[in-house]
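1. fold the following and give me the result.
(chains A and B)
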There are 2 protein chains.
Amino acid sequence: MTEPRAAAAPDPAPRASWGPSDVPTTALLTDQYELTMLRAALQAGTAQRHSVFELFGRTLPEGRRYGVVAGVGRALRALRHFRFDDESLAFLRDREVVDDVTADWLADYRFSGNIWGYPEGEIYFPGSPLLVVEGSFAEAVLLETVFLSIYNHDSAIASAASRMTAMANGRPCIEMGSRRTQELAAVAAARAAYIAGFETTSNLEAGRRYGVPTAGTAAHSFTLLFDSEREAFRAQLDALGTGTTLLVDTYDVAEAVRTGIELAGGELGAIRLDSGDLAEAARRVRRQLDELGATKTKIIVTSDLDEWNIAALSGAPVDGYGVGTALVTGSGHPTSGFVYKLVARAVDADPASPLVPVAKKSTNKTSIGGRKYALRRLDERGVAEAEVIGIGEPARGDHNDRPLLVPLVREGEIVGDEPLTAARERHVRARAELPLDARKMSRGGPVIETIYVEPDGDQLLSPYRSRR
Amino acid sequence: MTEPRAAAAPDPAPRASWGPSDVPTTALLTDQYELTMLRAALQAGTAQRHSVFELFGRTLPEGRRYGVVAGVGRALRALRHFRFDDESLAFLRDREVVDDVTADWLADYRFSGNIWGYPEGEIYFPGSPLLVVEGSFAEAVLLETVFLSIYNHDSAIASAASRMTAMANGRPCIEMGSRRTQELAAVAAARAAYIAGFETTSNLEAGRRYGVPTAGTAAHSFTLLFDSEREAFRAQLDALGTGTTLLVDTYDVAEAVRTGIELAGGELGAIRLDSGDLAEAARRVRRQLDELGATKTKIIVTSDLDEWNIAALSGAPVDGYGVGTALVTGSGHPTSGFVYKLVARAVDADPASPLVPVAKKSTNKTSIGGRKYALRRLDERGVAEAEVIGIGEPARGDHNDRPLLVPLVREGEIVGDEPLTAARERHVRARAELPLDARKMSRGGPVIETIYVEPDGDQLLSPYRSRR
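-> Numbers count the residues shown, from 1 in each chain, chains lettered A, B, ... in the order given. Here you go, the predicted structure:
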């Protein structure tokens, strides 16, 4: 191979000791090149140059009109646990990824810089500076991979989830995609979906770890375990109470509904439909339930739903949507396309040296140095009309501008922690500000333009794709 | 909401203690309904009925000609750590997901049954019984979610990876998608890609945890950190040696190549191209390198590659492919669509009772009970011609049949562990057996049919979609 320093024979025996509890640090959830760059920069004396990195997306995923920020809380926790312990350092030395000097530097690693960012649940657009990371090159470059992993995944899920909850229009959405994605991505997905308006998740670890409300009663296998559907329903009602949700499509839906209501004495919480033409089936079942006097029994539907199916069911008597695959795979866009770019750095290691903007040739000059501000410009009715981005302090004016960046880390100290409910509420507010076009299911560009304000006050449109 | 037993107010404060080390068990990486079903079955006296669950896919992802099994080793590790510890039980009781009887039962949970499966790296087709899980309903149903999460993710990545390594046709592929997927899904993706023929990964945790060889040298930010590209290259060569890979497209490619070869004294390991028309750029750079005498310096390309781009570059002078987004998102198919179905169960809790096949109405009778066998039928030249699936023991015949199921767990004891290199070698052999059509990049159905053998010896074609 072409990476002589990197390759090593794979360990022939699986690590017998490995268990899920064995993730002592997030520091190795990192691309190797972050560490080889550090090594070379330490040796060359440039590692301490003060630097600004920015995490942003050049575009929204194709056809999307807005994106939703998620992953902030998880990124801050990853930062807290970003430590090179003895085992990590032994591994890195063994593989000759780092030398002794670099290993010694890593042993003391603590991020001591500043981070600003869009808070969780906020809406974003092309070019929005979702994270601005300021510190030495050495300490800031190392965070690239884990920050991108978290933001690219969590925001992809939240962005899909927000379209679904918008289409559900107040009817509750239940996240149930755990089985369709990697087992720990599933936990993060449940959290992101909750931020974007889902009511509950089937994922128990998301309940335990993040306090997301959990839901779920029975699968087809439960009905099949019993000698008859009636026995299965009786067992479920006995154990879980009449408020439970019965799955009624294992055999014959109409018969199952009749049996369920009879056994629950008309007090059944809900029935779940998991196959067939859901709109038609829901109408039929609603009629049957009402005829049986079970007017309060709800109807939950759950078969391969996405935002379009949810929209199509808006006229059907459905009381809740269970969403799986489409949610956890970002409904066609499983990743957000965010990058983490060095936008400015000092000319030398002196902390007092000024920052100079840097950019590779292929990018535009608007990748400008220094800490940015970002504002959501609202019209007189409070409707968003532009994403305004510039350097330094925004000019005073008569605009109705809402600042978007908040401090997340101050001199190494995490200051951006907040309860998940705050992110959830923020999302409701931020989405409500968007022009009505944001709710269109048809494909289109961002609902508002991104505007860059030059230091001299000139405004220019985003170089990033931003078609309406 | 419609799930009155489940919902609870979210924890207002983030769990300050949570860190990546805080995943003490895999047992909560589970959908809530597995536990409510258990609770109801325990109360009804059906939980101990001997049961057979099967993990399989009804189809291959649209357009794919074969699938690759990955996740076996991870599923076995998840099983080993599937324990309900005090914190998990306290959470489940708190939320009223389980009652005291169920919690007591869970506290002693150890899977004591048998599991057979396709070994890792093997090829699969529609209907292939990838896992056959035999035990009491109670112990087997609980494993559904975590097994599906692992298999659905890891096999999706391996299936995409195999197409890429097939197209690379011996040229090394480097996995570098960590930043595009959830941070722990990234580790699993690197492992799955390695099974399917990738040579290295950028992911350090995959190196530490699974022994996957790692690779990576520098990003554009490294070049931008220095006052000139020449200084950056010199620093990299000083630290990492002349065998390193220089990224040459930050400014002007031709000038960067000239500088790199000059500084490395003609001995440079490789250059990396990350933008532009890669085929054209590779040809130009190859010519330049050869003219400079650097005939051994390799060319690595890395910009948004997928299996089609890799195929398109087969005529270009490229020595290695770095693949990111397309790999970790399964190249259009981020999940495999596997399900975990109860296919047979005993009529009562007596361990000696016979199994009866079960199926919900909408499925076909070929969801037949009992432990299946699965064979890859080969023609006289050793080329695969059918996937043969039946119940019990296969009939003796003059077919050239290769058995596919191996024991993974025997009476609760894990017997299916193997080194990752064994899976990697198996994949090479299994892929080489496939008809040549398997390598076509055009969309199509599975390259071989799935044949079900009835207990009376009759053969029938798979009910699952299996178009050529």
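
2. please work out how many residues are found near A:Ser303.
-> Neighbour count for A:Ser303, taken as other CB atoms under 10 Å in any protein chain shown: 16. Backbone N, C-alpha and C define where each C-beta goes, glycine included.

3. which residues does it contact?
-> Going by CB atoms under 8 Å, 6 or more residues apart in numbering or on different chains, A:Ser303 touches A:Leu273, A:Asp274, A:Ser275, A:Gly276, A:Leu278.

4. domains in chain A, by residue range?
-> Structural domains assigned to chain A are A:32-157+A:333-461, A:217-318, following automatic domain parsing.

5. now these in JSON lines, with distance to A:Glu183 and mean pLDDT?
-> Formatted as JSON lines, the entries for these read as follows, by distance: least, CB to CB, whole Å; pLDDT from 0 to 100:
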{"stretch": "domain A:32-157+A:333-461", "distance to A:Glu183": "14", "mean pLDDT": "92"}
{"stretch": "domain A:217-318", "distance to A:Glu183": "18", "mean pLDDT": "97"}
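
6. just put the ones you listed in a markdown table and tack on distance to B:His333.
-> Formatted as a markdown table, the entries for these read as follows, by distance: least, CB to CB, whole Å:
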| stretch | distance to B:His333 |
| --- | --- |
| domain A:32-157+A:333-461 | 10 |
| domain A:217-318 | 15 |
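
7. let me know the secondary structure of A:Arg431.
-> Following DSSP: H, G, I helix; E, B strand; the rest coil, the label given to A:Arg431 is helix.

8. and what of A:Leu184?
-> Secondary structure, three-state DSSP: A:Leu184 is helix.

9. just the C-alphas of stretch A:257-274, formatted as PDB.
-> Listed in PDB are the C-alpha atoms of stretch A:257-274, where the atom choice follows Å, rounded to 0.1, in the frame of the first residue of the first chain:
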ATOM      1  CA  VAL A 257     -60.800  -5.100  15.700                       C
ATOM      2  CA  ARG A 258     -64.000  -6.700  16.800                       C
ATOM      3  CA  THR A 259     -62.100  -9.100  19.100                       C
ATOM      4  CA  GLY A 260     -59.900  -6.300  20.500                       C
ATOM      5  CA  ILE A 261     -62.800  -4.000  21.400                       C
ATOM      6  CA  GLU A 262     -64.800  -6.900  22.900                       C
ATOM      7  CA  LEU A 263     -61.900  -7.900  25.100                       C
ATOM      8  CA  ALA A 264     -61.100  -4.300  26.100                       C
ATOM      9  CA  GLY A 265     -64.800  -3.600  26.900                       C
ATOM     10  CA  GLY A 266     -64.800  -0.700  24.400                       C
ATOM     11  CA  GLU A 267     -61.900   1.100  26.200                       C
ATOM     12  CA  LEU A 268     -59.100   0.100  24.000                       C
ATOM     13  CA  GLY A 269     -56.300   2.700  23.700                       C
ATOM     14  CA  ALA A 270     -55.400   2.200  20.100                       C
ATOM     15  CA  ILE A 271     -55.000  -0.200  17.200                       C
ATOM     16  CA  ARG A 272     -52.000  -0.400  14.900                       C
ATOM     17  CA  LEU A 273     -52.100  -1.000  11.100                       C
ATOM     18  CA  ASP A 274     -48.900  -2.200   9.600                       C
END
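
10. which among the contacts of A:Ser303 end up buried?
-> A:Leu273, A:Asp274, A:Ser275, A:Leu278 (16 or more other CB atoms under 10 Å in any protein chain shown).

11. out of these, which touch chain B?
-> When the buried ones among the contacts of A:Ser303 are filtered against chain B using CB under 8 Å from any CB of the partner chain, the residues retained are A:Ser275.

12. list just the nearest of the buried ones among the contacts of A:Ser303 to chain B.
-> Proximity of the buried ones among the contacts of A:Ser303 to chain B (CB to the nearest CB) peaks at A:Ser275, which lies at 5.7 Å.

13. what's near enough to touch the nearest residue to the closest one once chain neighbours are set aside?
-> Using CB to CB, 6 or more residues apart in numbering or on different chains and skipping residues adjacent in sequence, the residue nearest A:Ser275 is A:Asp249, 5.1 Å away. Contact analysis of A:Asp249 by CB under 8 Å, 6+ apart lists A:Ala256, A:Arg272, A:Leu273, A:Asp274, A:Ser275, A:Gly276, A:Ala281, B:Lys360, B:Ser362.

14. on that earlier part again, ok, of the buried ones among the contacts of A:Ser303, which one's closest to B:Phe222?
-> A:Asp274 (51.9 Å; CB to CB).

15. okay, now A:Leu314: neighbour count?
-> Wrong residue type there; residue A:314 is Ser, not Leu. Going by other CB under 10 Å, the residues that sit close to A:Ser314 add up to 12.

16. hang on, it in a helix?
-> No. With three-state DSSP as the criterion, A:Ser314 is assigned coil and is not in a helix.

17. I figured A:Gly382 hits A:Arg402, correct?
-> No. Using CB atoms under 8 Å, A:Gly382 makes no contact with A:Arg402, being 9.4 Å away.

18. so A:Thr59, which state does it fall into?
-> coil.

19. count the neighbours of A:Glu418 for me.
-> Applying other CB under 10 Å, we find 18 residues neighbouring A:Glu418.

20. same check on A:Glu411?
-> The number of residues packed near A:Glu411 is 10, by other CB under 10 Å.

21. looking at the stretch 151-300 of chain A, what residue ends up closest to chain B?
-> Per CB to the nearest CB, A:Gly211 is where the stretch 151-300 of chain A lies closest to chain B, at 3.0 Å.

22. tell me the pLDDT at that residue?
-> The pLDDT attached to A:Gly211 in the predicted structure is 96.

23. what about the residue nearest to A:Ser275, which SS state?
-> coil.

24. so how far is A:Ala168 from A:Thr329?
-> 18 Å (CB to CB, to the nearest Å).

25. nearest to B:Gly117, of the domains of chain A?
-> Go through those one by one with CB to CB and the one that ends up closest to B:Gly117 is domain A:217-318, at 19.0 Å.

26. for A:Arg377, list each beta-bridge partner.
-> Partner residues in beta bridges with A:Arg377, using DSSP bridges, are A:Ala386, A:Asp401.

27. residue contacts, it?
-> If you count contacts by CB under 8 Å, 6+ apart, A:Arg377 has them with A:Ala384, A:Glu385, A:Ala386, A:Glu387, A:Val388, A:His399, A:Asn400, A:Asp401, A:Arg402, A:Ile451.

28. among the residues you listed, who's most crowded?
-> Taking other CB under 10 Å to define a neighbour, the member of these with the most is A:Glu387, carrying 24 neighbours.

29. shouldn't it be in contact with A:Leu130?
-> No. A:Glu387 sits out of contact with A:Leu130 when judged by CB under 8 Å, with a separation of 11.6 Å.

30. all strands for the stretch 201-350 of chain A, in order.
-> Listed from the start of the chain, the stretch 201-350 of chain A has strands (DSSP state E, counting those that start in this stretch) covering A:245-247, A:270-273, A:298-301, A:320-323, A:338-346.

31. neighbouring strands - and their directions - for the last one?
-> In other words, strand A:338-346. Next to strand A:338-346 in the sheet, as set by DSSP bridges, lie strand A:50-57 (antiparallel), strand A:355-357 (antiparallel).
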